[in-house]
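Asks: Okay, predicted coordinates and the sequence, questions at the end:
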Amino acid sequence: MKTERHVVLVEPEIHWNTGNIGRTCLAAGAKLHLIEPLGFSLSSREVKRAGLDYWPKVKLQVWKSYGHFERHLSPKEDEVVVLTKSGEKDFWSIPKPQRLFLIFGSETRGLPQEIMTRYRLSTYYIPISSDIRSLNLSTAVGIALYESLRHGAPAHAWHPAAVDRKV
């Protein structure tokens, strides 16, 4: 069975973070979900520049609200991981079910309280020092996404054996 990963950005504000996250999702085989309102236009050149020529290949879904997203995809409680600096568990203990939704808040406001309350038992953090307030969103997504794939990682297309098959 194929591992299914979903990165969910709730009300992202910064276009280049979203472009970088889209590129990371494409590399990891994950789907990117954006919950409106967005702090930028998806047609902006900054999003496209950060996503490079990969942006059109990103598996992207934009949702009018978190409720619309949740009603359509129906994530189960054990398929949800909420990443926040105030999380209860460290990111190394992220569960690794077949289907997993990694949920992140906006760069300046974080996640709405209703999402935090609903998934209070599914909150995780990435350790940081007291010298900073938070990690960059695209960095946090990359760390959590690849940790969630650690025991069932996708094939590496640039591994010598894979490159030899392409010749």
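Replies: Received the coordinates, thanks. Predicted, not measured: the structure shown is a model, and the values here were computed from it. Numbering: from 1, shown residues only.

Asks: from here on, contacts and neighbour counts on C-alpha atoms
Replies: Will do.

Asks: I'd assumed Leu149 was in contact with Lys2.
Replies: No. With contact defined as C-alpha atoms under 8 Å, Lys2 does not count as touching Leu149 (11.2 Å).

Asks: more neighbours, these two?
Replies: The neighbour comparison of Lys2 against Leu149 (other C-alpha atoms under 10 Å) goes to Leu149, with 20 against 8.

Asks: Tell me the spacing between the closest residue to that one other than its chain neighbours and Val80.
Replies: Spatial nearest neighbour of Leu149, excluding adjacent residues (C-alpha to C-alpha, 6 or more residues apart in numbering): Lys96 at 7.2 Å. Lys96 sits 10 Å away from Val80, going by C-alpha to C-alpha, to the nearest Å.

Asks: okay, the two: which has more neighbours?
Replies: Comparing Lys96 with Val80 by other C-alpha under 10 Å, the one with more neighbours is Val80, at 21 against 18.

Asks: What does the more buried one show for phi and psi?
Replies: Backbone torsions of Val80, given as degrees, to the nearest 10, read phi -110, psi 130.

Asks: Need the pLDDT of the nearest residue to it once chain neighbours are set aside.
Replies: Excluding the flanking residues, the one nearest Val80 by C-alpha to C-alpha, 6+ apart is Phe101, at 4.9 Å. What the model reports for Phe101 is a pLDDT of 98.

Asks: The helix or strand that contains Phe101 pairs with which strands, and in what direction?
Replies: Under the criterion of DSSP states H and E, Phe101 resides in strand 99-104. Using DSSP bridges, the strands paired with strand 99-104 are strand 4-10 (parallel), strand 80-83 (parallel).

Asks: That strand: what's the following helix or strand?
Replies: Downstream of strand 99-104 (by DSSP H and E), the next one is helix 113-118.

Asks: about what we covered before: surely the residue nearest to Leu149 forms part of a strand?
Replies: No. Secondary structure of Lys96 (DSSP: H, G, I helix; E, B strand; the rest coil): coil, not part of a strand.
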